[in-house]
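curious how this folds, go ahead:
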Amino acid sequence: KKKTTEHFAGGEIPMNTMPPSIPSHQEEARIQAVVTIGHFLAGLGEPAWRTVLFSWLARYDGLETYLYAEDDPIISVRNLLARYVEALKPAEPRELTADLSDLPFCRYRAKRRDGKRWEPLSETFSAFCEGVTVEVWESEGPYPRREVLQNWLLTQFCTAQVGSRRA
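Here you go, the predicted model:
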């Protein structure tokens, strides 16, 4: 289930061309998913997650052009939160970060022609790409490692909670 630049649009794409675009219906679904994520988080009673999730998802912005629609970061997070809401499951921080780090888009890695690899927790995908097509592949597990990602998300959440209590 790999979708790489070599297979995009049925042929090879040179590494120096502009990144592919997503269909308009997927872009509309992404916009609606952002609104829905906000509603789900309000329903779960954990507003501090809103800032955390949107800033985390912003790091992956642009990656959706390389993925199958069902692996789109925004759609994946919306679907995960929908399952929480359906089950009337509280957004317990450790469990939620574990579930977030298991989402398919967390396994995708990227590198540029110059060999530089994308580091999702220190650079946004769009900044990494610098407007060119990059090589994207799916790895066995999340990158960064699951524990690193979970700890980063928990730290962001705790910071957001403290910040919202001061406001």
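
buried stuff in the strand or helix carrying Gly163?
Using DSSP states H and E, Gly163 sits within helix 146-166. For helix 146-166, a neighbour-count test (16 or more other Cβ atoms under 10 Å) marks 149-150, 152-153, 156-157, 160-161 as buried. Every C-beta, even on glycine, is put in place using the N, C-alpha and C of the backbone.

same deal with stretch 111-119?
Those would be 112, 118, for stretch 111-119 by 16+ other Cβ under 10 Å.

who does Arg109 bridge with?
Per DSSP bridges, the residues bridged to Arg109 are Trp137.

pretty sure it sits against Gly141.
No: the criterion here is Cβ atoms under 8 Å, and Arg109 misses it with Gly141 at 10.6 Å.

you'd agree Pro144 is up against Leu121?
Yes: using Cβ under 8 Å, Pro144 is in contact with Leu121, at 6.1 Å.

neighbour-wise, which of the two wins?
Remark: of Pro144 and Leu121, Pro144 carries more neighbours, 17 against 13, as counted by other Cβ atoms under 10 Å.

can you tell me how far that one is from Asn151?
Applying Cβ to Cβ, to the nearest Å, one obtains 10 Å for the distance of Pro144 from Asn151.

how confident was the prediction at the closest residue to Ser164 other than its chain neighbours?
Distances taken as Cβ to Cβ, 6 or more residues apart in numbering place Ala48 nearest to Ser164, at 5.3 Å, with adjacent residues excluded. Looking at Ala48, its pLDDT stands at 86.

Ala48 contacts Ala160, doesn't it?
Yes: with contact taken as Cβ under 8 Å, Ala48 and Ala160 are classed as touching, separated by 4.0 Å.
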